[in-house]
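Visitor: pasting the structure only:
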């Protein structure tokens, strides 16, 4: 739908507790070691990339909605609602703009300051002038953007890269994928320039994000033994981790 309709919907949402002014947004305990602050800094941009990038980004956003914040996914038409719920998301505090298309800048302008977190598909593109203007608005209004697969719409303050991912559950080509063990590396600007690492179930067999090894250390240390099994291979990406194309659609809330 048109950007005006998105703006109207965000006004309605902002009347019900959107845009809290806390400097930090909460994150799950398992993800906090990847950040230099004990939460998401308002006005910042993160990029998630690598196998499981959408799962990782959703886990960050889920905690915000679970604790009363608002989240909007932009351009992620194939995002699994059940998967988001498994990450702990409160779906009544999520909205979706499946296909922003050429109105992406207008959609983001309407959302910034009216929702706490925007999940942004890698397929979304912005003109340089729009990107600069919206980045300034992010800093002013305090919304956090998490880009999936480094869309390039904004220059990220922190980039989260899933560097190694191994699925368990397949034996001799048979069985079901049960859980994905992944090493996530975070690096960014300023205080975040020193890489930080966490080894996570992304997700575990129950769909949750859990710590495999509670160690966040500078890169250069020995590779964890639990990620060094050369006999395993990464599983193909599932639809939940795919980056999807964009076009124009209404802001809508999905039923769980």
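Guide: Yes, it's here. All values reported here derive from a predicted model rather than from experimental measurement.

Visitor: same question for stretch 135-142, mean pLDDT?
Guide: Mean pLDDT, taken over the full extent of stretch 135-142, equals 96.

Visitor: what sits up against it?
Guide: Among residues not part of stretch 135-142, those counted as contacts by CB atoms under 8 Å, 6 or more residues apart in numbering are 19, 21, 42-45, 109, 112-113, 116, 144-145, 154-155. C-betas here are computed from N, CA, C, even on glycine.

Visitor: Residue 75: which of those is nearest?
Guide: Out of the contacts of stretch 135-142, the one with the shortest distance to residue 75 is residue 145. That distance is 12.0 Å, counting by CB to CB.

Visitor: tell me the helices in this structure, going along the chain?
Guide: When assigned using DSSP state H, the helices of the chain occupy the ranges 3-14, 53-66, 81-86, 104-111, 128-141.

Visitor: Name the residues of the shortest one that are buried.
Guide: Meaning helix 81-86. Neighbour-count burial for helix 81-86, counted by 16 or more other CB atoms under 10 Å, picks out 83-84, 86.

Visitor: Can you tell me which helices and strands that helix packs against?
Guide: With contacts defined as 3 or more CB pairs under 8 Å, 6 or more residues apart in numbering; DSSP states H and E, the secondary structure elements packing on helix 81-86 are helix 53-66.

Visitor: can you list the weak-confidence ranges in this structure?
Guide: Low-confidence regions of the chain, defined here as pLDDT under 70, cover residues 1-21, 150-151, 169-177, 213-256.

Visitor: go again using 50 as the cut-off
Guide: Within the chain, the stretches falling below the threshold (pLDDT under 50) are 1-4, 7-8, 10-20, 215-251, 255-256.

Visitor: Next up, the contacts around the residue nearest to the spatial centre of it.
Guide: The structure's the chain has its C-alpha centroid closest to residue 57; by CA atoms, centre = their mean the separation is 1.9 Å. With contacts defined as CB under 8 Å, 6+ apart, the neighbours of residue 57 are 46, 48, 119, 146, 148, 160.

Visitor: Quick check: the fourth one touching residue 118?
Guide: Put plainly, it is residue 146. Yes - with contact defined as CB atoms under 8 Å, residue 146 counts as touching residue 118 (7.2 Å).
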